[in-house]
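In: Task: produce atomic coordinates for the following.
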Amino acid sequence: MVFVNYSLHALIAAAYDIQPFQLIGAPPWLRTERFDITARASTNAPLPELNLMLRSLLAERFKLKARQEQRELPVYFLVKAHEDGRLGPALKPSTVDCGPTGRGRGPAPAGGPPAGCRAMITPTGGDFEGQAISQLATVLGMALRQTVVDQTRGILRLL
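Out: Residues are numbered from 1 along each chain as shown. Presented below is the predicted three-dimensional model:
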């Protein structure tokens, strides 16, 4: 694992599989100070295992102590508009398989993700190609700074 110019805030959020807004009680410098970190990990390790390794690294190198707790917070639910399976006017099934992370399979081209694999929210709208509905929920949650739960049975990939 190699992290270049990462904030501890982002690393902690990744290690605990939470959105950045869900990390509370952190001093402001966790967002501003940047670190380069190199660690060894199996290339075939599944993401939950890598997250556990990252937690151990943070505890060892930064003496991080954290606890997970549940709180009642506002939540948005992403639901189907039509129960009969019809798509809304701006949704089309994708012809591109961007993989589970939405960034494509295999190494990314030098310019970024493969053509047709994009997830972006802008002040005036959004641009999603080849993304699972669950990825849309994740990106919306980051933009809204609130949890968005995918209740669509997200088998559709957006184009």
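In: Output stretch 10-19 as CSV - backbone C-alpha positions only.
Out: Included here for stretch 10-19 are C-alpha records, laid out as CSV according to Å, rounded to 0.1, in the frame of the first residue of the first chain:
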residue,chain,number,x,y,z
ALA,A,10,-9.0,10.4,4.7
LEU,A,11,-7.0,7.4,5.8
ILE,A,12,-9.1,6.9,8.9
ALA,A,13,-12.3,7.2,6.9
ALA,A,14,-11.0,4.6,4.4
ALA,A,15,-9.8,2.2,7.2
TYR,A,16,-13.1,2.2,8.9
ASP,A,17,-15.2,2.2,5.7
ILE,A,18,-17.0,5.4,6.6
GLN,A,19,-17.7,8.6,4.8
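In: which other residues reach that stretch?
Out: 3, 20, 22-23, 26, 30, 35, 37, 48, 51, 54-55, 58, 64, 66, 68, 138, 141-142, 145, 147 (CB atoms under 8 Å, 6 or more residues apart in numbering). Where C-beta positions appear, they are placed from N, C-alpha and C, glycine not excepted.
In: Buried ones in it, by neighbour count?
Out: With burial defined by 16 or more other CB atoms under 10 Å, the residues of stretch 10-19 counted as buried are 11, 12, 13, 14, 15.
In: and what of stretch 56-63?
Out: By neighbour count with 16+ other CB under 10 Å, stretch 56-63 contains the buried residues 57, 58.
In: about what we covered before: how about the buried residues of stretch 10-19 in TSV, adding distance to residue 124?
Out: As requested, the buried residues of stretch 10-19 are exported to TSV (distance: CB to CB, whole Å):
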residue	distance to residue 124
11	31
12	31
13	26
14	28
15	33
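In: Export these to TSV and append columns for distance to residue 152, secondary structure and pLDDT.
Out: Converted to TSV, the buried residues of stretch 10-19 look like this (distance: CB to CB, whole Å; DSSP: H, G, I helix; E, B strand; the rest coil; pLDDT from 0 to 100):
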residue	distance to residue 152	secondary structure	pLDDT
11	30	helix	91
12	29	helix	92
13	24	helix	89
14	25	helix	88
15	28	helix	91
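In: Show me what the mean pLDDT comes to for whichever helix in the chain runs longest.
Out: Selection of the longest helix in the chain by residue count, based on DSSP state H, yields helix 47-62. Averaged over helix 47-62, pLDDT sits at 90.
In: With only the CA atoms kept, save that helix in CSV.
Out: The C-alpha atoms that make up helix 47-62 are tabulated as CSV, following Å, rounded to 0.1, in the frame of the first residue of the first chain:
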residue,chain,number,x,y,z
LEU,A,47,-10.8,-4.8,0.8
PRO,A,48,-12.1,-5.7,4.3
GLU,A,49,-8.7,-7.3,5.1
LEU,A,50,-6.8,-4.3,3.7
ASN,A,51,-9.0,-2.0,5.8
LEU,A,52,-8.0,-4.0,8.9
MET,A,53,-4.3,-3.8,7.9
LEU,A,54,-4.7,0.0,7.5
ARG,A,55,-6.3,0.2,11.0
SER,A,56,-3.3,-1.6,12.5
LEU,A,57,-0.9,0.7,10.6
LEU,A,58,-2.7,3.8,11.9
ALA,A,59,-2.7,2.4,15.5
GLU,A,60,1.0,1.5,15.3
ARG,A,61,2.5,4.5,13.5
PHE,A,62,0.1,7.3,14.7
